[in-house]
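>>> The following comprises the amino acid sequence and a computationally predicted model.
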Protein chains: 2
Amino acid sequence: MPKIVDHEKQKEKIAEAVWNVIHRDGLEHCTVRNVAKEAGLSAGSMRHYFPQQSELFIYSMRLVANRVKTRIESMTFNGTPAENVKQLLFQLMPLDEERKLEMEAWYAFTAKSLSDPELKPLRKEMNEGIYSACKSAVEMLVNTGAKPGIDVLKETEHLYALVDGLALHLIMAPERLTAEMIDSVLAGYLRSLE
Amino acid sequence: MPKIVDHEKQKEKIAEAVWNVIHRDGLEHCTVRNVAKEAGLSAGSMRHYFPQQSELFIYSMRLVANRVKTRIESMTFNGTPAENVKQLLFQLMPLDEERKLEMEAWYAFTAKSLSDPELKPLRKEMNEGIYSACKSAVEMLVNTGAKPGIDVLKETEHLYALVDGLALHLIMAPERLTAEMIDSVLAGYLRSLE
């Protein structure tokens, strides 16, 4: 069904245009007109794909989550449980330009979701994705016997806060926070679990 | 000098109006007109205090940092070093309505500072405040002999990410993350240091 594929590709292209406009000018400049221009489309075909601005934002937001999910699913794990978990957590870090764009969009949507009634319902979904990834990571440590006695809910909150905080600081202060430091912080945390 | 005090009070009142508008409608609705209405002032007197919108935003942003600083400076410490540090970190958590408003404003400005050229210079300052508070907390643990051998820069990055992540999750998912859980996560982290 090539038509459906093209349709999805077009939507992804538009969502990527949203990320670019957020990066360059901020979320408040993501009007239909600006995003259409960035994607090289007419405002009319933009409206064909996304009749409402909120639909465009929700799609762009979900695409960030889906890209992260796809990246994690395509990983191969062949280290110790702690090494595998660290490798998984690294996928959540905005260490290249592509993931930086995604993460900036993520934070812009997060901030907007606090007051925007149309994005508010998305907040739960946005949170649950990474929370679940962190919970799976902690459960992996328990179930493989690597760290059998840890408090799963407590360490999930710790890991989730750590991952979101590091990701935020990486886009806010890349001149201070390096990939080596992130590696060292995550490795130290995983080692400290007992 | 009562006139100067009134002037500052008026500016704080306007900054608090900014936080309220951000909470209710989002940062993109913080026009001079809306903020003036929220503060019960004319647009003319608003412009007397803040001729430019960017000045208003920078002042509102700095007021969040100053309020946190004042709260920390007025604390009395009489526990063990780890208890004192935990008590200090709790001041950074948005656990009441007032601090929730401040934190929401903080994240809205953080997201905006990623693309807004007028807020960009503020980004460094915004980061350095809490980074320094975390560094002081870690140094306190080293200097009191409570945790003499820890890597200060590494644990500062860990603590800073943990604190920002927990604060973000507290405003994003208050139905899941409780004060008791935050206490438990911070206590567990402080205990794990060696």
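Perfect, I can see it now.

>>> I'd guessed A:Gln91 sits against A:Ser74; true?
No: at 9.6 Å, A:Gln91 does not count as touching A:Ser74 under the criterion of C-beta atoms under 8 Å. No exception for glycine: its C-beta is placed from N, CA and C like everyone else's.

>>> Of these two, give the one with the bigger neighbour count.
A:Gln91 (17 against 8; other C-beta atoms under 10 Å in any protein chain shown).

>>> Need phi/psi at that one.
Dihedral pair for A:Gln91: phi -70, psi -20, per degrees, to the nearest 10.

>>> gap between it and A:Asn78?
16 Å (C-beta to C-beta, to the nearest Å).

>>> Same question for A:Arg123.
Counting by C-beta to C-beta - A:Arg123 and A:Asn78 are separated by 36 Å.

>>> who's more crowded, those two?
Comparing A:Arg123 with A:Asn78 by other C-beta under 10 Å, the one with more neighbours is A:Arg123, at 18 against 7.

>>> ok now do that one, which residues does it touch?
The neighbours of A:Arg123, taking C-beta atoms under 8 Å, 6 or more residues apart in numbering or on different chains as the test, are A:110, A:113-114, B:172-173.

>>> Assign it to helix, strand or coil.
helix (DSSP: H, G, I helix; E, B strand; the rest coil).

>>> so where do the helices sit in chain A?
Using DSSP state H, the helices of chain A run over residues A:2-25, A:32-39, A:43-49, A:53-73, A:81-90, A:97-113, A:120-143, A:152-172, A:179-192.

>>> mind giving me a markdown table with those helices and columns for mean pLDDT?
A markdown table is the format used below for those (pLDDT from 0 to 100):
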| stretch | mean pLDDT |
| --- | --- |
| helix A:2-25 | 87 |
| helix A:32-39 | 95 |
| helix A:43-49 | 92 |
| helix A:53-73 | 90 |
| helix A:81-90 | 90 |
| helix A:97-113 | 91 |
| helix A:120-143 | 88 |
| helix A:152-172 | 96 |
| helix A:179-192 | 95 |
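
>>> Out of the ones you listed, flag the one nearest B:Thr31.
Proximity to B:Thr31 (C-beta to C-beta) singles out helix A:97-113 among the helices of chain A, at 16.5 Å.

>>> Quick one: list the elements packing against the closest one.
helix A:2-25, helix A:53-73, helix A:120-143, helix A:152-172, helix B:97-113, helix B:152-172 (3 or more C-beta pairs under 8 Å, 6 or more residues apart in numbering or on different chains; DSSP states H and E).

>>> so which of those comes closest to B:Gln87?
Nearest to B:Gln87, of all the helices and strands packed on helix A:97-113, is helix B:152-172, at 13.2 Å by C-beta to C-beta.

>>> which helices and strands sit right next to that closest one?
By 3+ C-beta pairs under 8 Å, 6+ apart, helix B:152-172 packs against helix A:97-113, helix A:120-143, helix A:152-172, helix A:179-192, helix B:97-113, helix B:120-143, helix B:179-192.

>>> Touching the fifth one from outside, list them.
For helix B:97-113, the surrounding residues in contact (C-beta under 8 Å, 6+ apart) are A:26-27, A:107-108, A:110-112, A:114-115, A:168, A:172, B:16, B:18-20, B:22-23, B:26-27, B:57, B:60-61, B:64, B:67-68, B:93-94, B:119-120, B:122-123, B:126, B:167-168, B:170-171.
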